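Participant: pasting the sequence and the predicted coordinates here, then a few questions.
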Amino acid sequence: MEIAGKVAVITGASSGIGRTCARSLAAAGASILVADLDEDGGSETVDSIVSKGGTAQFVRTDVSCLEDLATMFAAAEERFGGFDILCNNAGIVCGEPLWPATDPELLMTQVMVNLGGVILGTRLAIEPLRARGGGVVVNTASLAALLPLEDEPGYSATKAGVVMFTRACGALQRTHNIRVNAVLPWLVDTPLLGKSGDGSTEAPWARQARQILPVLDPADVAGAVMEIIEDDSLAGHYRIVGELPDFVTEMI
Ligand SMILES: NC(=O)c1ccc[n+]([C@@H]2O[C@H](COP(=O)([O-])OP(=O)(O)OC[C@H]3O[C@@H](n4cnc5c(N)ncnc54)[C@H](O)[C@@H]3O)[C@@H](O)[C@H]2O)c1
């Protein structure tokens, strides 16, 4: 798919990877619907795009809420006449206290944001994308889908769920001309890492992980997302982002 002239809905676009994807897609000529819980961060993302001559709007969205997802897609229809690209990117870590002391309420939220938001977002996107003749969904999973994160098993499990959901949606290319794919980044330099610990410092697992693999820039992930959008052959495909050392490849 050529990105120029298309409309992209990006969840979690008020920060980190989602914000960088929004800027990269806008720079390539797409109009962006920035969907996030964080209104201030969303305005910053929109302003940074508009100040460079791009087109973007914000819609406050909690991806764990079915009604909010419906409102998000209605906003894409109202403001841009529909959309062609959906990046189901919003995601959370639970942080400290780490597993097994994790707050059960927070775990429930994590399941609904990281996995529920992806499944329901994709489901609600099917009819609007079909009305445009097809489209692309890119889900942000994580390498933690393949490497067990023992301090955040809920995170690993939800991301593994995103990978299997993505693979299982491969057939939508044949039936609906909708390509569903996923990216699996290793550690990326975003505010999420600070949330992995007590809210201001990284959890020990994140600090240790830094010793094993170089931390990626959000632009590395955005680059992979753009390649996946542009490559019409990819459906049900999941892509690890970043070069892995051999010993890590052997572990997955
Ligand atoms: N940073 C990493 O190391 C890393 C690695 C692999 C995968 N990921 C994944 O990348 C995605 C983006 O993370 P990031 O690193 O940019 O983190 P981030 O914390 O910088 O950004 C996440 C964004 O999601 C938003 N969000 C949280 N809950 C939401 C909800 N219920 N509804 C809507 N928006 C919500 C936040 O407000 C925030 O703007 C996540 O799915 C994350 O799991 C991150």
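Facilitator: Thanks, I have it.
Participant: show me what the longest strand seen in the chain is packed up against.
Facilitator: If you go by DSSP state E, the chain has its longest strand at strand 178-185. Using 3 or more Cβ pairs under 8 Å, 6 or more residues apart in numbering; DSSP states H and E, the elements in contact with strand 178-185 are helix 117-131, strand 135-140, helix 153-168, helix 172-176, helix 218-230, strand 238-241. All C-beta spots, glycine's among them, are computed from the backbone N, C-alpha and C.
Participant: pick the most deeply packed of those.
Facilitator: strand 135-140 (a mean of 27; mean count of other Cβ atoms under 10 Å).
Participant: who does that one touch, helix- and strand-wise?
Facilitator: Strand 135-140 packs on strand 85-88, helix 117-131, helix 153-168, strand 178-185, helix 218-230, going by 3+ Cβ pairs under 8 Å, 6+ apart.
Participant: give me that answer again for 6 Å
Facilitator: strand 85-88, helix 117-131, strand 178-185, helix 218-230 (3 or more Cβ pairs under 6 Å, 6 or more residues apart in numbering; DSSP states H and E).
Participant: and the first one with the ligand, contact?
Facilitator: No - counting by Cβ under 6 Å from any ligand atom, the ligand is not contacted by strand 85-88; separation bottoms out at 8.3 Å.
Participant: circling back: got a markdown table for the helices and strands packed on strand 135-140, with mean pLDDT too?
Facilitator: Compiled in a markdown table, the helices and strands packed on strand 135-140 are given as follows (pLDDT from 0 to 100):
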| stretch | mean pLDDT |
| --- | --- |
| strand 85-88 | 99 |
| helix 117-131 | 98 |
| strand 178-185 | 98 |
| helix 218-230 | 98 |
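Participant: can you list the ones you listed in JSON lines and add distance to D103?
Facilitator: Converted to JSON lines, the helices and strands packed on strand 135-140 look like this (distance: least, Cβ to Cβ, whole Å):
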{"stretch": "strand 85-88", "distance to D103": "24"}
{"stretch": "helix 117-131", "distance to D103": "19"}
{"stretch": "strand 178-185", "distance to D103": "26"}
{"stretch": "helix 218-230", "distance to D103": "28"}
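Participant: of those, which is nearest G53?
Facilitator: helix 218-230 (18.5 Å; Cβ to Cβ).
Participant: now the closest one - C-alpha only, PDB.
Facilitator: Only the C-alpha atoms of helix 218-230 are listed here, as PDB (Å, rounded to 0.1, in the frame of the first residue of the first chain):
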ATOM      1  CA  PRO A 218      11.200   4.300  18.400                       C
ATOM      2  CA  ALA A 219      12.100   5.300  14.800                       C
ATOM      3  CA  ASP A 220      13.400   1.700  14.300                       C
ATOM      4  CA  VAL A 221       9.900   0.400  15.100                       C
ATOM      5  CA  ALA A 222       8.200   3.000  13.000                       C
ATOM      6  CA  GLY A 223      10.500   2.000  10.100                       C
ATOM      7  CA  ALA A 224       9.400  -1.600  10.400                       C
ATOM      8  CA  VAL A 225       5.700  -0.500  10.600                       C
ATOM      9  CA  MET A 226       6.100   1.500   7.400                       C
ATOM     10  CA  GLU A 227       7.700  -1.400   5.500                       C
ATOM     11  CA  ILE A 228       4.900  -3.700   6.600                       C
ATOM     12  CA  ILE A 229       2.300  -1.300   5.400                       C
ATOM     13  CA  GLU A 230       4.000  -0.800   2.100                       C
END
